[in-house]
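A.B. asks: My questions concern the predicted model and sequence given below.
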Amino acid sequence: MTQPAPLQPSPESAQPGPSPVMERHPDIARLIRLFYGRAREDALIGPVFEQAVHDWEAHLRALTAFWAAQLRGRGTYRGQPVAAHIALAQRIAPGMFERWLTLWRQTAREVMTEDDAALLIEKAERIAGVLSSAVADRRAESPT
């Protein structure tokens, strides 16, 4: 199986210790930490994350940058989320994206303002659709 494409974090998100992007967007950083804490503990999707992510602090910084860019048009994310998910296609089962969205919706509503949560949920739903389609296409192409 092909290994997942590594994140290409910005120099800012690759640094150890406090992250400027996380300091500039503490609400998003809190959302990301809480959400991925829940996702990692989830019986359905947790094992995929645990296998795929090797440096959680770098991953959380990169995801904070990604969601800051999605919500506020500012961020330094330089990853390739479609390629990373395609590389995991054989490990991602149908229903996993819906579980991810359920956890995301719940956490976004808890942490963010109502307007920001609604926008983040809308963007997550679109992103999940794109990723789910890409993964399904890859699984259809690859023999099991």
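C.D. replies: Ah, there it is.

A.B. asks: Which helix or strand in this structure has the lowest average pLDDT?
C.D. replies: helix 11-14 (a mean of 41; mean pLDDT, DSSP states H and E).

A.B. asks: hey, where'd the helices end up in this structure?
C.D. replies: Applying DSSP state H to the chain gives helices spanning 11-14, 20-24, 26-41, 46-52, 56-72, 81-87, 96-111, 114-141.

A.B. asks: for the record, mean pLDDT for the third one?
C.D. replies: I take that to be helix 26-41. Per-residue pLDDT values over helix 26-41 give a mean of 95.

A.B. asks: in that helix, what's buried?
C.D. replies: Across helix 26-41, burial judged by 16 or more other CB atoms under 10 Å covers 28-36, 39. C-betas here are computed from N, CA, C, even on glycine.

A.B. asks: picking that back up, out of the helices of the chain, which one sits most buried?
C.D. replies: helix 56-72 (a mean of 21; mean count of other CB atoms under 10 Å).

A.B. asks: Mind giving me the packing neighbours of that helix?
C.D. replies: helix 11-14, helix 20-24, helix 26-41, helix 114-141 (3 or more CB pairs under 8 Å, 6 or more residues apart in numbering; DSSP states H and E).

A.B. asks: can you list these in JSON lines and add distance to residue 55?
C.D. replies: What follows is the helices and strands packed on helix 56-72, written out as JSON lines (distance: least, CB to CB, whole Å):
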{"stretch": "helix 11-14", "distance to residue 55": "9"}
{"stretch": "helix 20-24", "distance to residue 55": "15"}
{"stretch": "helix 26-41", "distance to residue 55": "13"}
{"stretch": "helix 114-141", "distance to residue 55": "21"}
